[in-house]
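> structure for the following, please:
(chains A and B)
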Amino acid sequence: MLRYLSRKIVVYLLTFWVAVTVDWAIPRFMPGDPIEGLLSRMQAQPAAEKALSGYYSQAFGFDVPLWKQYLNFWVALFHGDLGRSITNFPTSVSELIMSALPYTLALLVPAILLSFWAGNKVGALAARRKVLDNTVLPASYVFTATPHMWLGIVLAWLFASTWAIFPVSGAYGLDVQPAWSLEFVQSFLYHWILPFSALFLVGFGGWAIGMRNMIIYELESDYSNYLTALGAPTKLVRKYAYRNALLPQITGLALALGAVVAGAIVVEIVFSYPGLGTLTLSAIQNRDYFLIQGIFLFLIIGVLIANFVIDIVYVIIDPRTRVGMQGGS
Amino acid sequence: MATSERPADVAVHGPAAAGAVPGPVAPALEPHEPTVRRVRFEFLYFALRNWKFVLGASVVLSCLALALVGPLLTDHTPLEFTGPTDARPSSEYWFGTTSFGQDVSAQFVYGLRSAFLVGALGGGIAWVLGAAIGFTAGYRGGWVDDVLNMLTNVVLVIPTLAILIIVAAYLEVQSYATEAVIIGLTSWPWAARAVRSQTFSLKTREFVEVARLSGRSTRQIIATELAPNMSSYLLMMFILLFGGAILIGASLDFLGLGPSESISLGLMMNNAFLASALLLGSWWWFLPPGLGIVAIVGGLYVMNVGLDEVFNPKLREL
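Below is the predicted model:
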């Protein structure tokens, strides 16, 4: 088990190193002078341009040799210093990200967990049951092929614009302040439903299809046939099949994380939800490069942590990884 | 992406059945020819009787036809300010017009074109990379496998969109081809991993041993022994990568990181969203691009399930 986990940790540390290096290298090794490129696209006023140019060359640390720039980048990183945002000067990038992070997590974590749970349950039910299979499956294919932002747009158009049941944007009403009060929580949930549904439905479709196909394989396998031959009730056979089919689904969850994060980013934008996605859009539109780089690092750290959690869960449910046999590739 | 795991298990059964086909070893040459023809015939026989394959393929092919022919039939170029603003669908403007007076139907057919371009090129590059890396790692084993597997796992964990955001932010993306290349370079890892594990199980088979004894080079063995035995699997992998590339490309364009001089389905959604089409209720502007993507990607996925059942008799059920 320790060998399994330590091998994973090595990969994650390596990934982190690669991500930080990419983050550092991209502005430095892209063709052309990065500062000039940034400024020409910002079309700032001459005075501002001069100040910005000074700020950028100092912030990038271009005046020292390359290896020292690299070291400085790491040192700053471990001090939590990701630079300052241009659009929200002088707020630091890490501060901006930290204030947006809770909203993104509040969307992402329930959407991932609930869609995984519901999709697997429904997919397992649908396998080898004609009526369910012919209704759930086509719907799942439509959902899983839907771009997140478009589902968000359609939901907002139907339920917020056409029939004004839910609010169209924001994470809470204008009349409340973020606090642990009942009013805030109510208002928050009310605003949360639509963006959550967009993420949930797309994820649900994918998991339902995956589980439906996986469980058919398991029901075809020798142990299932043997159990049936012994006269075990169908319910029991399906239960064992479900447990075995769940393992590859969990590996799939780790693989799907990147896509879900991408989905959350675009859904947040549709609903002007004040999380990392909306922050990303404003950073892109304002060419706020330090902010973009900071968000990039945060997304990767988040995905790495989530991957690690999934690995631990895998070890807990798959005994083979515990005794050092195969599994959990 | 969630569906991307499936074929890994599909292929566990797929090649097992295909492995019975004798490799082109000298004495087997004679029965080899007709076997291949029969397998191909069998494939068509089952494929055309599988409604999922037929449905998916016809949806995708109609979209492709629309993408190829549509731009020739429109009177307007997609970005041209041509008519009334915010007009509902009419006989002149089939899909209505945008707030800037652009023809939505023209944008739609050109958008389909860029979707297919991004899907084919991005998916194609990812497919080639995934297959090459997977075959090499799986067949060579040893330190080559260690290095390639490490590389795969690292790229696998990094969210594609995050990489794309940072690359596209600094490197102004000029064309859909560039966008597709960036997508292709970042979305191959799951494919590589799947091919690698397939290769692992195939390479110990006797027909591969025989080929090795006959003194063939690694490349020849991969091309003539391993790949043909996984052809169904490789085909399905390409379909999933194709659909995935279209979805990622649409997200990227929606974020405003794609080429801004031309039009794509993602960019249409971006334009509609920024012009508050949602609040104005201009559904004819923001519904078509999404429906186009759902049709192509959904069609591909359904076609893939059909193929799955065609290649794997165990799944032909109910």
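
> C-alpha from now on. contacts and neighbour counts both.
Noted.

> find the closest residue to chain A in chain B.
Closest contact between chain B and chain A, by CA to the nearest CA, is at residue B:159 (4.2 Å).

> helix or strand for residue A:74, which one?
Here residue A:74 sits within helix A:66-78, counting by DSSP states H and E.

> tell me where the stretch 51-200 of chain B has strands.
Per DSSP state E, counting those that start in this stretch, the stretch 51-200 of chain B carries no strands over any range.

> where does it have low pLDDT?
Counting by pLDDT under 70, the ranges of the stretch 51-200 of chain B that qualify are B:172-173.

> tell me how many other residues surround residue A:121.
16 (other CA atoms under 10 Å in any protein chain shown).

> do residue B:311 as well
Here the number of neighbours of residue B:311 (other CA under 10 Å) works out to 24.

> was I right about residue A:280 contacting residue A:292?
Yes. Contact status for residue A:280 versus residue A:292: in contact at 6.4 Å, counting by CA atoms under 8 Å.

> what residues does the stretch 51-200 of chain A have near chain B?
A:128, A:130, A:141-142, A:144-147, A:149-150, A:153-154, A:156-157, A:161-162 (CA under 8 Å from any CA of the partner chain).

> let's see 7 Å
Selection of the stretch 51-200 of chain A residues close to chain B by CA under 7 Å from any CA of the partner chain yields A:141, A:142, A:145, A:146, A:147, A:150, A:157, A:161.

> out of these, who's nearest residue B:138?
The nearest member of these to residue B:138, counting by CA to CA, is residue A:145 at 30.9 Å.

> the closest one reaches residue B:294, doesn't it?
Yes. Counting by CA atoms under 7 Å, residue A:145 touches residue B:294, with 5.3 Å between them.

> more crowded one of these two?
Per other CA under 10 Å, whichever of residue A:145 and residue B:294 has more neighbours is residue A:145, with 27 against 22.

> check the burial of the residue in the stretch 201-329 of chain A positioned nearest to chain B by counting its neighbours.
Residue of the stretch 201-329 of chain A nearest chain B, by CA to the nearest CA: residue A:258 (4.2 Å). When neighbours are defined as other CA under 10 Å, residue A:258 has 22 of them.

> now do it, the pLDDT please.
On the pLDDT scale, residue A:258 is placed at 83.

> would you verify that it is located in a helix?
Yes. When DSSP: H, G, I helix; E, B strand; the rest coil is applied, residue A:258 is found to be in a helix.

> distance of it relative to residue B:299?
Separation of residue A:258 from residue B:299 (CA to CA, to the nearest Å): 23 Å.

> outside of stretch A:118-135, which residues touch it?
For stretch A:118-135, contacts defined as CA atoms under 7 Å, 6 or more residues apart in numbering or on different chains pick out A:204, A:205, A:207, A:208, A:209, A:211, A:212, A:215, A:216, A:242.

> pick out the most distant pair among the residues you listed.
Between any two of these, the greatest separation by CA to CA is 18.4 Å, found for A:204 and A:216.

> now that we have the contacts of stretch A:118-135, which one has the most neighbours?
Of all the contacts of stretch A:118-135, residue A:208 has the most neighbours under the rule other CA under 10 Å, reaching 32 neighbours.

> residues contacting that one?
Contacts of residue A:208 by CA under 7 Å, 6+ apart are A:119, A:120, A:122, A:123, A:140.

> 6 Å instead?
Residues in contact with residue A:208 (CA atoms under 6 Å, 6 or more residues apart in numbering or on different chains) are A:119, A:120, A:123.

> out of those residues, who's nearest residue B:178?
residue A:119 (35.7 Å).

> quick check: which element contains that closest one?
With DSSP H and E as the criterion, residue A:119 is inside helix A:93-126.

> re earlier: would you check that the residue of chain B closest to chain A makes contact with residue A:260?
No. Counting by CA atoms under 6 Å, residue B:159 does not reach residue A:260; the two are 9.3 Å apart.

> any buried residues in stretch B:296-313, and which?
For stretch B:296-313, the neighbour count (16 or more other CA atoms under 10 Å in any protein chain shown) marks B:296-312 as buried.

> repeat that for stretch A:101-117.
Neighbour count says stretch A:101-117 has A:101, A:103, A:104, A:105, A:107, A:108, A:111, A:112, A:115, A:116 buried, by 16+ other CA under 10 Å.

> how about stretch A:155-166?
For stretch A:155-166, a neighbour-count test (16+ other CA under 10 Å) marks A:155, A:156, A:157, A:158, A:160, A:161, A:166 as buried.

> so for those residues, which is the shakiest by pLDDT?
Within those, pLDDT reaches its minimum at residue A:161, with 79.

> not counting sequence-adjacent ones, nearest residue to it?
Leaving aside its sequence neighbours, residue A:161 sits nearest to residue B:279 (CA to CA, 6 or more residues apart in numbering or on different chains; 6.2 Å).

> still on that earlier bit, okay, the residues of the stretch 51-200 of chain A next to chain B in a markdown table with secondary structure next?
Formatted as a markdown table, those follow (three-state DSSP):
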| residue | secondary structure |
| --- | --- |
| A:141 | helix |
| A:142 | helix |
| A:145 | coil |
| A:146 | coil |
| A:147 | coil |
| A:150 | helix |
| A:157 | helix |
| A:161 | helix |
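
> show the pLDDT at the spatially most central residue of chain B.
Centroid check for chain B by CA atoms, centre = their mean gives residue B:242 as the closest residue, at 1.1 Å. Per-residue pLDDT puts residue B:242 at 93.

> can you pull the buried residues of the helix or strand containing it?
Using DSSP H and E, the element containing residue B:242 is helix B:231-254. Within helix B:231-254, the residues scored as buried using 16+ other CA under 10 Å are B:232-234, B:236-254.

> quick check, the residue nearest to the centre of chain B in contact with residue B:118.
No. Checked against CA under 6 Å, the pair residue B:242 and residue B:118 is beyond contact range at 8.2 Å.
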